[in-house]
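# below: sequence and its predicted model.
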Amino acid sequence: MTHPLLADPEVSDLPVRECREPLVDLPDLGILCMNPDDVAGMRVRSTLGARLREAQRALPSGIRFGVAQGHRSPESQNAIIAEYSGTLRRLHPGKDETEIARLSSRFVAPIAVAPHVAGAAVDLTLIDDLGHPLWMGTEIDATPEDSDGACYFDAPGLDPDARRHRTILAEALGGQGLVNYPTEWWHWSYGDRYWAYATSAPHALYGPWPASEAAA
Ligand SMILES: C[C@@H](N)C(=O)N[C@H](C)C(=O)O
């Protein structure tokens, strides 16, 4: 089955009805954040936070979540877009900017629809009771090029441990209504446009947040 990308009109054209729900701190909900310097990245919209807490309770004993990043500033989003687009331009000198933007959205969302900027997404993995990340087949943030496609949630040819761990992740998060971005096993969201697309909701719940800063 093929899935649309965040840049595709099936997703990007969906309306947002911003519900103005605040961000919450994930550590306050008992969720481990793996990047202590990224204070903003420890926050997500409150419904997403509550759902993550419930999803963590549903994990097998001895396993917990490790969050790499939740909320992201528009500046950080734009910096990731610029860096990855530059890589793609070097790899594909014949492609025009429309094609580069679509390819880029396999790995990083266009700013206008960015789920992390809305506080509606987390990049996360599973952590064992010794504090070690479980093997998921790639590191978080492996690009399609660097991982030869193994970053895709349903990538063929994954070893059994990685497949089993991804299934555990998906059952816990999917059970709480989160949706995965199929090009990245680690990216899960709730209330953004991709969630609206995947759940056939009439509109997204969250746009860029805070609205004033994200307009740039
Ligand atoms: C850059 C990567 N970690 C990521 O966050 N990708 C998604 C699709 C995003 O930009 O929202």
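In hand now; what should we look at? Remember, it's a predicted structure, so these values are computed and weren't measured experimentally. Numbering: from 1, shown residues only.

# quick one: the most centrally placed residue in the chain from Asp28, how far?
The centroid of the chain falls nearest to His187 when counting by CA atoms, centre = their mean (2.7 Å). Per CB to CB, to the nearest Å, His187 is found 23 Å from Asp28. (Each C-beta comes from the backbone N, C-alpha and C, glycine too.)

# with Leu134 instead?
24 Å.

# please apply the same query to Leu14.
From Leu14 to Asp28 the distance is 31 Å (CB to CB).

# over to Pro110?
31 Å.

# sorry, back to before: more crowded one of Leu14 and Asp28?
Leu14 (18 against 11; other CB atoms under 10 Å).

# list phi and psi for that one.
As for Leu14, its main-chain torsions (degrees, to the nearest 10) stand at phi -70, psi 140.

# do the one 10 residues further on as well
Per-residue torsions, Val24: phi -120, psi 160 (degrees, to the nearest 10).

# list the beta-bridge partners for it.
Per DSSP bridges, the residues bridged to Val24 are Val44.

# OK, contacts around Asp154?
Pro182 (CB atoms under 8 Å, 6 or more residues apart in numbering).

# isn't there a helix covering it?
No. Asp154: not assigned to a helix; according to DSSP: H, G, I helix; E, B strand; the rest coil it is coil.

# gap between it and the ligand?
16 Å (CB to the nearest ligand atom, to the nearest Å).

# kindly tell me how buried the residue nearest to Met34 when sequence neighbours are not counted is, as a neighbour count.
Once flanking residues are discounted, Met34 sits nearest to Gly66: 4.8 Å by CB to CB, 6 or more residues apart in numbering. When counting by other CB under 10 Å, one arrives at 20 neighbours for Gly66.
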